[in-house]
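Visitor: Test case, fold it:
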Amino acid sequence: MNSFIDAIISGLISGSLYAATALGLTIIYGVSRVFNFAHGIVAVMGAYLVWTFLQTGMQLGFLLGIVVSAGIMFIFGLLVYRFTMNPLMKKPGWDISTVLFLLGGGILLENVLLQIYGPRVKSIPVLFEGTLTFGPVSIQWSDFILMIIVVVGIVALNLYFKYTRMGQAMQATAQSMPGAKVVGVNIEYIFGLTFGLAFAVTGFSGVLLSTKYFLNPHIGWEWMVKGFVIVSFGGLGSTTGAIFAGLILGIVEALVTLYLGAMWVWPIWFIIFMIVLLIRPQGILGGRV
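Guide: You can find the predicted model right below:
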């Protein structure tokens, strides 16, 4: 019984991290209809930035390093939109050209990171040592803090969408671009803000993943596939759907690993994924942002 409870807790922790990873992907798609195939590499970039801050003499510390990394990734997202996506989205067939461009860009960035950091596995040190015990249940302090950070981040993101002017403009654009234009929303500005926000969130999630799992320039593609499954499972463009899907698949992963072995995780994930698409193609919570 303890093994089952431990697996559920482990699944919730992993699922919360997966949900955080998928949020950046679903935000971009929900608002702009662009599918970011460089998503996983963006997460890896955010993680490598914090690793660099911690390994050099910058003395930023973990939390300040995350803030600086998120700011850099935000600016990077703005630049990617301004100089690549914006021109492409004004041309016929932009939905295909943007996907191909981002896929190529992801491969390029992967090789740049490989040249800079090398192929060896790295990791970001855990936040706290020790174990937190609740009766028969034990959880690492670092995992508990990670889950709290994810929950706070998700709540803050939802409050941003619900109560800020820019967040509401992003929601309006996601719901109806022509309608948003009618009420005076600057679509290009909102798209740029969306890319910046999504890149910052994605980089932040990469940092969190790297404190629990390993980091190398190639791991981004695995994170990308997991993000794709999660956003499709939850409903393309739905942040709430991505959160629920991440938690569900995290628990599935933990239970499958416990009872069948880790080699069965991906097959079971995709079996569930295909069943959901057959029954409900729009995902469990279809919708936008």
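
Visitor: quick one: low-confidence ranges for the chain?
Guide: Within the chain, the stretches with pLDDT under 70 are 1, 57-60, 127-128, 134-136, 286-289.

Visitor: Please enumerate the strands of it.
Guide: 131-134, 137-140 (DSSP state E).

Visitor: okay, the ones you listed, which one's buried deepest?
Guide: For the strands of the chain, ranked by mean neighbour count under the definition mean count of other CB atoms under 10 Å, the leader is strand 137-140 at a mean of 15. To be clear about C-beta, it is placed using only N, CA and C from the backbone, and glycine gets the same treatment.

Visitor: Throw the strands of the chain into JSON lines and include distance to Val252, thanks.
Guide: Formatted as JSON lines, the strands of the chain follow (distance: least, CB to CB, whole Å):
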{"stretch": "strand 131-134", "distance to Val252": "23"}
{"stretch": "strand 137-140", "distance to Val252": "19"}
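
Visitor: Of all the ones you listed, which one comes closest to Phe195?
Guide: Closest of these to Phe195 is strand 137-140, at 34.5 Å (criterion: CB to CB).

Visitor: Show me what that closest one pairs with in its sheet, parallel or antiparallel.
Guide: strand 131-134 (antiparallel) (DSSP bridges).

Visitor: Which residues does the strand it pairs with contact?
Guide: Here strand 131-134 makes contact (CB atoms under 8 Å, 6 or more residues apart in numbering) with Ser138, Ile139, Gln140, Trp141, Phe144.

Visitor: ok, Ile230 to Ser205 distance?
Guide: As judged by CB to CB, to the nearest Å, Ile230 and Ser205 stand 11 Å apart.

Visitor: I misspoke; the intended subject was Thr84.
Guide: Applying CB to CB to Thr84 and Ser205 gives a distance of 22 Å.

Visitor: Of the two, give the one with the bigger neighbour count.
Guide: Ser205 (28 against 15; other CB atoms under 10 Å).

Visitor: Stretch 147-155: which residues count as buried?
Guide: Within stretch 147-155, the residues scored as buried using 16 or more other CB atoms under 10 Å are Met147, Ile149, Val150, Gly153, Ile154.

Visitor: Stretch 217-231 too?
Guide: Of the residues in stretch 217-231, those buried (16+ other CB under 10 Å) are Pro217, Ile219, Gly220, Trp221, Trp223, Met224, Lys226, Gly227, Phe228, Val229, Ile230, Val231.

Visitor: Could you tell me which of the residues you listed are located in helices?
Guide: The helices, defined by DSSP state H, take in Ile219, Gly220, Trp221, Trp223, Met224, Lys226, Gly227, Phe228, Val229, Ile230, Val231 from these.

Visitor: Tabulate these in a markdown table, adding columns for distance to Phe161.
Guide: Listed next are these as a markdown table, based on distance: CB to CB, whole Å:
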| residue | distance to Phe161 |
| --- | --- |
| Ile219 | 29 |
| Gly220 | 26 |
| Trp221 | 29 |
| Trp223 | 23 |
| Met224 | 24 |
| Lys226 | 23 |
| Gly227 | 19 |
| Phe228 | 22 |
| Val229 | 23 |
| Ile230 | 19 |
| Val231 | 16 |
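
Visitor: ok so, going back, closest to Met73 out of the buried residues of stretch 217-231?
Guide: Nearest to Met73 among the buried residues of stretch 217-231, with distances taken as CB to CB, is Gly220, at 13.5 Å.

Visitor: ok, the closest one - contacts?
Guide: With contacts defined as CB under 8 Å, 6+ apart, Gly220 is in contact with His39, Gly40, Ile41, Val42, Ala43, Val44, Gly106, Glu110.
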